[in-house]
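*Asks:* Build the 3D model from these lines:
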Amino acid sequence: MNLSLYAQMLKNNAKGISSYALGSAFYIMLMLWLYPSIAEHAQVMNDLLKSIPSGITKAFGLENGMGDLESFLSGEYYGLIFIIILSIFSLMISTQLMARMVDQGSMAYLLSTPTTRAQVASTQAAVMITGLLIIMAATTLAGFAGNLLFISDPGAFHAGNFLRLNLMGFLMFFALSGASFLVSSVSNDEKRAMSISGVIVIGSYCLDLIGRLSEQTGWMRNLSVFSLFRPSELVKGSAEWTGQLWILLSIGALFYILAVVLFRRRDLPL
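*Replies:* Coordinates of the predicted model:
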C-alpha cells in the first residue's frame, strides 16, 4: 500500500463518498422523523400487511409488521433504501478506482512511477473499504442522532441491535464490493466492468428476493450473499449472526486478495 497514493485517491473520491454518506444519513434520519406519525396508525398498517401473502411481506422484510421502531427501520430502510444506496456506491466507486483508470490510460501513467502493481491495487482497495466505512459510520451516527431528536420512547431503540445491524450491513457490502472490485481489476473497459458487476449485485439480490417468496424457491437464497444479511432478524436479536459475520468477512477478503493478485499478473493495454 502507498500512503501518498491512498491520500490522493481518497481526496479524488471524497466528493462521491461524501454524497453517498450524506444520502444514507439523510434517509435514515427521515425514517426516524416519520416514524412517530406512522406509529399512530401502526395497527391499521399491520392489519393491511396481514392481508398480504406472507411470502410478499417476507420478501420485502415486513414480516415483523410496523408496530415498533426496529421493525419499521429494518423493513423500510435496511430492507431496500440502504441496499440501493450501498449497491450503487459499490458498483460506481469500484469501477472508477480500477477499470476506468485502465480504460482512460491513467493507470499506465500511474504505473510508470516507482509504484508496483500490488501497491496500486491494494491502495485502491483500501480507498474502497474506507469509503464503505465512512458511509456506515455516517449512517450509524445519524441513527443515534435521529433517535435522540425524534423518538420519545427510550425503550424503542436498542443500541446493541442497531450496531449489529450496521456491522452486518457493512460486511455484506464488503463482500459485494470485493466482487465488484475484482471484476474491475481484470477489466480493460469501464462499461463492461460496470455491466458485469451490476449483473452480479442485482442478480444476487433477485435470487434472495425470489427465494423469500415461497418454500419452493427457498433454495435460491443459498446462491445469494444477501441471504446472510437479515435485518428483520438482526433487530429482534434472533439471528445467528456470528457465523454469517465470518462468512461475509472471508468472502470479502478473498475477493480483494484475488483482485490484487490478478491485477499484478495481468497484461495491461498500452
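*Asks:* going forward, measure contacts between C-alpha atoms and count neighbours the same way
*Replies:* OK.
*Asks:* If you count neighbours, what's buried in the longest helix seen in the chain?
*Replies:* Longest helix of the chain, by residue count under DSSP state H: helix 117-150. Buried residues in helix 117-150, counting neighbours by 16 or more other C-alpha atoms under 10 Å, are found at 117-129, 131-140, 142-144, 146-147, 150.
*Asks:* That one: what's the following helix or strand?
*Replies:* helix 159-185 (DSSP states H and E).
*Asks:* and that next one, how far out from the chain's middle?
*Replies:* Put simply, helix 159-185 sits 5 Å off its chain's centre (C-alpha atoms, centre = their mean, to the nearest Å).
*Asks:* Name the residues of it that come out as buried.
*Replies:* Of the residues in helix 159-185, 161-185 count as buried by neighbour count, 16+ other C-alpha under 10 Å.
*Asks:* Could you give the average pLDDT over the helix or strand containing Tyr27?
*Replies:* For Tyr27, the host element (DSSP H and E) is helix 14-39. For helix 14-39, mean pLDDT is 89.
*Asks:* so what secondary structure elements neighbour it?
*Replies:* helix 69-76, helix 82-97, helix 117-150 (3 or more C-alpha pairs under 8 Å, 6 or more residues apart in numbering; DSSP states H and E).
*Asks:* List the buried residues for it?
*Replies:* The neighbour-count check on helix 14-39 (16+ other C-alpha under 10 Å) flags 17, 20-21, 23-33, 35-36, 38-39 as buried.
*Asks:* how many degrees apart are that helix and helix 117-150 in direction?
*Replies:* Counting by axes from the mean of the first three to the mean of the last three C-alpha atoms, to 10 degrees, helix 14-39 points 30 degrees away from the direction of helix 117-150.
*Asks:* Hey, what's the angle from helix 14-39 to helix 69-76? Just curious.
*Replies:* Relative orientation of helix 14-39 and helix 69-76, computed by the same axes, to 10 degrees: 120 degrees.
*Asks:* Would you mind confirming that Arg212 makes contact with Arg221?
*Replies:* Yes - using C-alpha atoms under 8 Å, Arg212 makes contact with Arg221 at a distance of 7.3 Å.
*Asks:* For those two, indicate the residue with more neighbours.
*Replies:* Per other C-alpha atoms under 10 Å, whichever of Arg212 and Arg221 has more neighbours is Arg212, with 24 against 20.
*Asks:* Relative to Ser152, how far out is the more buried one?
*Replies:* For Arg212, the distance to Ser152 (C-alpha to C-alpha, to the nearest Å) stands at 34 Å.
*Asks:* give the contact list for the nearest residue to Gly211 once chain neighbours are set aside.
*Replies:* The shortest distance from Gly211 to any residue other than its chain neighbours is 4.1 Å, reached at Gly218 (C-alpha to C-alpha, 6 or more residues apart in numbering). By C-alpha atoms under 8 Å, 6 or more residues apart in numbering, the residues touching Gly218 are Ile210, Gly211, Arg212.
*Asks:* Check Asn222 too.
*Replies:* Contact analysis of Asn222 by C-alpha under 8 Å, 6+ apart lists Asp208.
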